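In: Sequence first, then the predicted structure, then my questions.
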Amino acid sequence: MSATAARITAVDTYDIRFPTSRELDGSDAMNPDPDYSAAYLVLRTSEGPHEGHGFTFTIGRGNDVQVAAVDALREHVVGRSVAELCADPGALYHALVGDSQLRWLGPEKGVMHMAIGAVVNAVWDLAAKRAGKPVWQFLADADPAWLVDQIDFRYIADALTPAEALELLTKGRQGAPERAAELLRRGYPAYTTSPGWLGYSDEKLTRLAQEAVADGFTQIKLKVGADLADDIRRCRAAREAVGPDIRMAVDANQRWNVDEAIAWTKALDAFDPYWIEEPTSPDDILGHAAIRRGVHPVRVATGEHVQNRIVFKQLLQAGAIDVLQLDAARVAGVNENLAILLLAAKFGIPVCPHAGGVGLCELVQHLSMFDYVALSGTTRDRVIEFVDHLHEHFLEPVVIDRGHYRAPTAPGFTAAMKQDSIDTYTYPHGAFWTAENTEARA
Ligand SMILES: [Mg+2]
């Protein structure tokens, strides 16, 4: 079969769950016992050897619903021409976002939107593989006018027009080869959340914070928001462990009301927090603006649960955030994240992506690296979150070197999981969960 005639033959989905709640890895003020999970999919093609891999991150039983949502999109994808799909991922994005029976469940938010993101990202994975480039480079090399065509300006044109986007991307190309070389040499700055999970003892927190500094990180993050006395004690321990020159962010995972967020953050003032993350509901734009005024000079950060480009637009228009934390798998994939990166560039707000979960580091590194090479052109005050969990399940796991993400060079989105991990952790019939259930019945 010729390459031009190649079609998508199947969208295979997998419900993958890791028993992370056993070690309290990933525990925070709103998620005391998370089993990190991925609704994972593979686009099979008739052309081999390329496949498209995508996923979205969920927790435990949420994955039942998320996998069903991906399954609901299958009919839009199977049978499509691989070449046409890869030449214009935006066409599929529009078809998925515009499916009126599914759109009613959003619009453009929540479970369906995350499912769309997983499918769209799998197409970008496939397109970049066929081009022989990692996604960051595929984007950085793309014609700016084509990138603008990939963006849905509906609902954001009052803040960012296609002409402005084209200007930003065209400007962003100046000096791109030099920055790509620099990126390959030095990597992209990272910060680590590994020391600061809420369920960890003070001893473990102190040890991991010291290790983070020794490993070259210049920023760490602590979970807060369950108990103020505990937070004061943990922030003191962490600040003593890292010294005055390391940035220490704190993350409340949406725990507070607006007034409470201001009071609680101010109570941690003595430990010089760099940003307060997710102080309240991710939907509360004016609340974030009030918190930002109330906690200055502590910065306000949010984004990992921001549903779409429209909410990000309003956060920026309202002057509600200092740091924009986009997530590779929360919105509708690369297409919508291009819009969000451009909005951030227009408003001059640094993007420090959310990562961790399952495979979010592997995905999101590409977006920041593209932004550095061919959009904002800088890494100043920009860091990608790093969490040292579950990377061993990926074929091309992220590599952290002296506090930096090393730029991936393998073609694609570095999204593929090892077959052995898929077989072991697929729920409920993978080897791990079968053994668990047998034990539980014994
Ligand atoms: Mg967070």
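Out: Sure, I can see it. These figures come from a predicted structure and were not determined experimentally. Numbering: from 1, shown residues only.

In: near the ion, which residues of this protein?
Out: Taking CB under 5 Å from the ion as the test, the list of the chain residues beside the ion reads 251, 277. The way it works is simple: take the backbone N, C-alpha and C, and place the C-beta from them, glycine included.

In: Would you mind listing where the chain has pLDDT under the threshold?
Out: Low-confidence regions of the chain, defined here as pLDDT under 70, cover residues 1-4, 24-26, 32, 442.

In: Tell me how it divides into domains.
Out: Dividing the chain into domains by automatic domain parsing, as the record does, gives the ranges 3-131, 176-420.

In: Which of those domains sits closest to residue 438?
Out: domain 3-131 (14.8 Å; CB to CB).

In: quick one: terminal-to-terminal distance for stretch 55-73?
Out: Its start and end residues considered, stretch 55-73 measures 13 Å (CA to CA, to the nearest Å).

In: do stretch 220-239 as well
Out: With CA to CA as the measure, the ends of stretch 220-239 fall 10 Å from one another.

In: related to what we said a few turns ago, nearest to residue 426, of the domains of the chain?
Out: Closest of the domains of the chain to residue 426 is domain 3-131, at 5.5 Å (criterion: CB to CB).

In: Stretch 45-62: which residues count as buried?
Out: Of the residues in stretch 45-62, those with enough neighbours to count as buried (16 or more other CB atoms under 10 Å) are 45, 47, 50-60, 62.

In: Check the residues you listed against the ion and report the nearest one.
Out: Lowest distance from the ion to those (CB to the ion) belongs to residue 57, with 12.2 Å.

In: what's near enough to touch that closest one?
Out: 36, 37, 38, 329, 357, 358, 359, 360 (CB atoms under 8 Å, 6 or more residues apart in numbering).

In: Would you confirm that it belongs to a strand?
Out: Yes: inclusion of residue 57 in a strand is indicated when DSSP: H, G, I helix; E, B strand; the rest coil is applied.

In: which residues does it bridge with?
Out: Under the criterion DSSP bridges, residue 57 forms beta bridges with residue 38.

In: Look up the closest residue to whatever residue of the stretch 301-442 of the chain ends up closest to the ion, ignoring the ones flanking it.
Out: Evaluated by CB to the ion, the stretch 301-442 of the chain has residue 304 as its residue closest to the ion, separated by 5.2 Å. The spatial neighbour of residue 304 that comes closest, neighbours along the chain excluded (CB to CB, 6 or more residues apart in numbering), is residue 354 at 3.5 Å.

In: coming back round to it: strands - which of the contacts of residue 57 land there?
Out: Secondary structure defined by DSSP state E assigns 36, 37, 38 of the contacts of residue 57 to strands.

In: is it true that the second one touches residue 19?
Out: No: with contacts defined as CB atoms under 8 Å, residue 37 does not count as touching residue 19, sitting 10.2 Å away.

In: Neighbour count: these two, which is higher?
Out: For residue 37 and residue 19, the more surrounded residue by other CB atoms under 10 Å is residue 37, and the numbers stand at 27 against 14.

In: What separation is there between residue 251 and residue 342?
Out: Distance, residue 251 to residue 342, using CB to CB, to the nearest Å: 26 Å.

In: wait, residue 410
Out: For residue 410 relative to residue 342 (CB to CB), the value is 26 Å.

In: more crowded one of these two?
Out: The residue with more neighbours, out of residue 410 and residue 342, is residue 342; 27 against 14, by other CB under 10 Å.

In: What helix or strand is that one located in?
Out: Using DSSP states H and E, residue 342 sits within helix 333-347.

In: For residue 258, grab the count of nearby residues.
Out: Counted with other CB under 10 Å, the neighbours of residue 258 add up to 18.

In: heads up, I number from 242, so please use that
Out: All right, first residue 242 from here; so that's residue 499.

In: Let me know whether it touches residue 534 as I believe.
Out: No: under the contact definition of CB under 8 Å, residue 499 does not touch residue 534, with a separation of 10.5 Å.

In: shared neighbours, the two?
Out: Counting by CB under 8 Å, 6+ apart, nothing touches both residue 499 and residue 534.

In: In contact with residue 579, which residues?
Out: Contact partners of residue 579, counting by CB under 8 Å, 6+ apart, are 380, 388, 391, 392.

In: Select from these every entry located in strands.
Out: When the contacts of residue 579 are checked against strands using DSSP E, none is located there.

In: What is the nearest of the residues you listed to the ion?
Out: The ion has its nearest neighbour among the contacts of residue 579 in residue 380, at 24.9 Å by CB to the ion.

In: The closest residue to residue 525 other than its chain neighbours: what's it in contact with?
Out: Here the nearest residue to residue 525 in space, its sequence neighbours aside, is residue 499; by CB to CB, 6+ apart that works out to 7.3 Å. Contacts for residue 499 (CB under 8 Å, 6+ apart) come out as 520, 521, 525, 528, 531, 532.

In: Would you mind putting these into CSV with distance to residue 452, secondary structure and neighbour count alongside?
Out: As requested, the contacts of residue 499 are exported to CSV (distance: CB to CB, whole Å; DSSP: H, G, I helix; E, B strand; the rest coil; neighbours: other CB atoms under 10 Å):
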residue, distance to residue 452, secondary structure, neighbour count
520, 28, coil, 33
521, 32, coil, 23
525, 36, coil, 20
528, 36, helix, 20
531, 37, helix, 18
532, 32, helix, 27
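
In: Residue 250 against residue 289, yeah?
Out: No: look at residue 250 against residue 289 with CB under 8 Å: they stay out of range, at 9.9 Å.

In: My reading is that residue 517 is in a strand; is that accurate?
Out: Yes: counting by three-state DSSP, residue 517 is found in a strand.

In: How much space separates residue 353 from residue 306?
Out: The gap separating residue 353 from residue 306 is 10 Å, by CB to CB.

In: Out of those two, name the residue with the larger neighbour count.
Out: residue 353 (24 against 14).

In: Quick check: beta-bridge partners of residue 635?
Out: For residue 635, the beta-bridge assignment (DSSP bridges) gives partners residue 658.

In: could you measure it against residue 356, distance?
Out: 21 Å.

In: Please say which of those two ends up with more neighbours.
Out: When residue 635 and residue 356 are compared on other CB under 10 Å, the one with more neighbours turns out to be residue 356, at 28 against 19.

In: Quick check: closest non-adjacent residue to the closest residue to the ion within the stretch 442-591 of the chain.
Out: For the stretch 442-591 of the chain, the nearest residue to the ion under the criterion CB to the ion is residue 492, separated by 4.4 Å. Computed as CB to CB, 6+ apart, the closest residue to residue 492 that is not its neighbour in sequence is residue 518, at 3.9 Å.
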